[in-house]
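[1] Predicted model, plus sequence, below.
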Amino acid sequence: MKLSFWHPRPNERWALRMVFVFSVVVAVLLAADVFIFKNGMEPRGGDLRPQTHVVIYHRDGEVTQDDSLTPVLMRGDRAVVTVPLPRELSRLQGVLAFTAEHVCFRASWEGRVLDRYGMGDVAPYKLFGAVRRTVPIPENAWGGEITIDMTAMQDGAHVFLAPMYLMDAKTSWQYPLENNVLCFLLFLSALVVLVAALFPLALGSHIPFLRRGLALALFSIAFIVWMMGYQGLMPLFSPDPYLNACVEYGALLLLPIPFITYLLLVEVDAGCALFYSTSRVWFIGLFLFAAFSQVTGLCTLKAVLPYLHATLLAFVIVLVWHKFHPLHKEEPWNILFRYGLTATFAAALLGMFQYYLFNVFKIPVSFIANRFIASGLLILLLTIIFTYIYRLLGQLAQAQESRLYKRMALQDMLTGLLSRAGCFDAAKNLAFDAHYAVLFFDVNGLKEANDLFGHAEGDKLLKATAEIIGDIFSPATTGTICARVGGDEFVVVVRAEKIPYLPQLIKAVRDELHRLAGQDGFPEDTSISCGISENDPANPKAFEEHIKIADDRMYAEKNRYKREKYGGRRASDRIFLREEQRKDSDK
């Protein structure tokens, strides 16, 4: 199959350039940020886990010592962690940083509680995830031991998901960024931009493609917030694991709603629109049920995830089929969206598979890293954004083409005045009982100019006539309508205030044309005939009728002019007669 994506149209080239420039700028900024960030981070004092002792008190009374330093606890198990502190340091360190998951804990030194997250902070019905703590170390504690007493709040609780560090208190905020600097910089930058974009998008929500942009921005914000929780970056904003977990899982449950809204606003097929509408109602109901259950303690947000996963799986299968189905009539942005969605779906499916292997079947799996899943989901976000850019640029190009076609239809390309269609379109703004006058002009010497000098010079006469009429009647400043409605026929519509000055205005047109007579490229006869029809508010007529009346009067004047000057001969006869007169005078 030959993809038109590789042979982009002009509006698509702009999108591709935007993608390229965006990618280069992001790469340069990220490289600079990472360099500055990495060079600004002081040594952490090394990982203290090798010197740490872990004793596990199982709920059945058994006591064991864990040598793996990464114990997995069951609900009710206790882990007592003893961390020896060095006696001498190359520089002052202020905090002990560590990570656990689904545990409450108490950190102490010689019986003095330094930090805690107790049972009262984590009620059984509450949802919470990774606990990232930076425990302050007293100045006289060096050479002693810090004891961390952890109690598992659910099965599969982790201890030491990340290294234990001694850190300077001033740089302790960097601890959650361990191995996540790129994600944090990218997500935070995108989050700031998207939140800022909400305001102009919301103000322009009456415009269709801005309404789609608003839905896309909300989806992207929810996606980034969830990914920051998924990557363990939420503690940078709040130390409360319960609040962080609620934000993370709440954003995940909200995620399908703006995404489906975006698809619904783009969809033109009635059957697919009904499918999107039904799916959106389901996900809104699921989100509200999960939020209500979390607040009332009925169940946690995490407990609702299987319903979200099952329906998301069914929805994505139908969506992928829909995007693959019309292969013969695809637009380039649909191709981009299709493959991005497929890659993302594969990554998300592997992530769900790992989730249930570990949480349901208790099988430890590590073949799917969080970064791989995050990369797949990031593909979806960028794909949707670039798809929106494609559609936006396509609509702007179509709007520009429509304006161009309308201009071509309503404007005479030779003279720059309105065309016949433009004249009647502008006349729609005239009230039926308004006081106005319609002037119908006809150039008398056009046939002579075409026969003697050629059509190029005839066009020159037409452009000169149009310029004179436009200058004298000034349509741009007075609302007067000036149009070329035929080969050498012009129509002017003037408002009531100009009607008393029509004889002077018509005379001015004739005088200006008379000055061109006999000049290079202009015929000897540059006169013009004119007929007038005035709309009386007491006895109004339709605009079309005034055109006919003015046209008839113009022809009557033109016939009088021919009889008086040429004896009624045609233009070609007049040219022949003028040639004979010139030869006779030469003799």
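    Ah, there it is.
[2] hey, let's count contacts and neighbours off CA atoms from now on
    Noted.
[3] show me where the stretch 101-250 of the chain has strands.
    Assigned by DSSP state E, counting those that start in this stretch, the strands in the stretch 101-250 of the chain fall at 103-109, 112-117, 130-136, 145-152, 157-159, 165-167.
[4] Please report phi then psi for Asn535.
    phi -90, psi 120 (degrees, to the nearest 10).
[5] One more: Met408?
    Main-chain torsions, Met408, degrees, to the nearest 10: phi -60, psi -30.
[6] By mean pLDDT, point me to the weakest helix or strand of the protein.
    Within the chain, no helix or strand scores below helix 571-586, which has a mean of 53 by mean pLDDT, DSSP states H and E.
[7] quick one on the thing from earlier: right, so of the strands of the stretch 101-250 of the chain, which gets closest to Ser277?
    strand 130-136 (35.7 Å; Cα to Cα).
[8] packing partners for the closest one?
    Judged by 3 or more Cα pairs under 8 Å, 6 or more residues apart in numbering; DSSP states H and E, the packing partners of strand 130-136 are strand 95-101, strand 112-117.
[9] Mean pLDDT lowest where, among those strands?
    When the helices and strands packed on strand 130-136 are compared on average pLDDT, strand 95-101 comes out lowest at a mean of 83.
[10] tell me the angle that one makes with strand 145-152.
    If you take axes from the mean of the first three to the mean of the last three Cα atoms, to 10 degrees, strand 95-101 sits at 20 degrees to strand 145-152.
[11] What are the contacting residues of strand 95-101?
    Strand 95-101 has contacts (Cα atoms under 8 Å, 6 or more residues apart in numbering) with 129-137, 157-169, 172, 175.
[12] mind checking which helix or strand the closest residue to Asp67 other than its chain neighbours is in?
    Nearest residue to Asp67 in three dimensions, chain neighbours excluded: Val54, at 7.3 Å (Cα to Cα, 6 or more residues apart in numbering). Here Val54 sits within strand 53-57, counting by DSSP states H and E.
[13] Give the pairing partners of that strand; include direction for each.
    Counting by DSSP bridges, the strands paired with strand 53-57 are strand 63-66 (antiparallel), strand 78-84 (antiparallel).
[14] quick one: the longest one to chain centroid distance?
    Taking the mean C-alpha point of strand 78-84 and that of its whole chain, the gap between them comes to 51 Å (Cα atoms, centre = their mean, to the nearest Å).
[15] And the contacts of it?
    48-49, 51-59, 73, 143-152.
[16] tell me the most buried of the strands paired with strand 53-57?
    For the strands paired with strand 53-57, the largest average neighbour count (mean count of other Cα atoms under 10 Å) is found in strand 78-84, namely a mean of 21.
[17] just to revisit the earlier point, TSV for the strands of the stretch 101-250 of the chain, including distance to Glu544?
    Converted to TSV, the strands of the stretch 101-250 of the chain look like this (distance: least, Cα to Cα, whole Å):
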stretch	distance to Glu544
strand 103-109	85
strand 112-117	86
strand 130-136	79
strand 145-152	88
strand 157-159	85
strand 165-167	87
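[18] Tell me which of the ones you listed approaches Val266 most closely.
    strand 130-136 (38.6 Å).
[19] where are the low-confidence patches of the stretch 451-587 of the chain?
    Counting by pLDDT under 70, the ranges of the stretch 451-587 of the chain that qualify are 452, 475-478, 521, 566-587.
[20] Show me where it has its helices.
    455-473, 475-478, 502-514, 543-566, 571-586 (DSSP state H, counting those that start in this stretch).
[21] closest to His435 out of the strands of the stretch 101-250 of the chain?
    It's strand 130-136; of these, that one is closest to His435 (Cα to Cα) at 79.6 Å.
[22] thinking again about what came up before, how about JSON lines for the strands paired with strand 53-57, with distance to Phe98 and mean pLDDT added?
    Output for these, formatted as JSON lines (distance: least, Cα to Cα, whole Å; pLDDT from 0 to 100):
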{"stretch": "strand 63-66", "distance to Phe98": "17", "mean pLDDT": "87"}
{"stretch": "strand 78-84", "distance to Phe98": "11", "mean pLDDT": "89"}
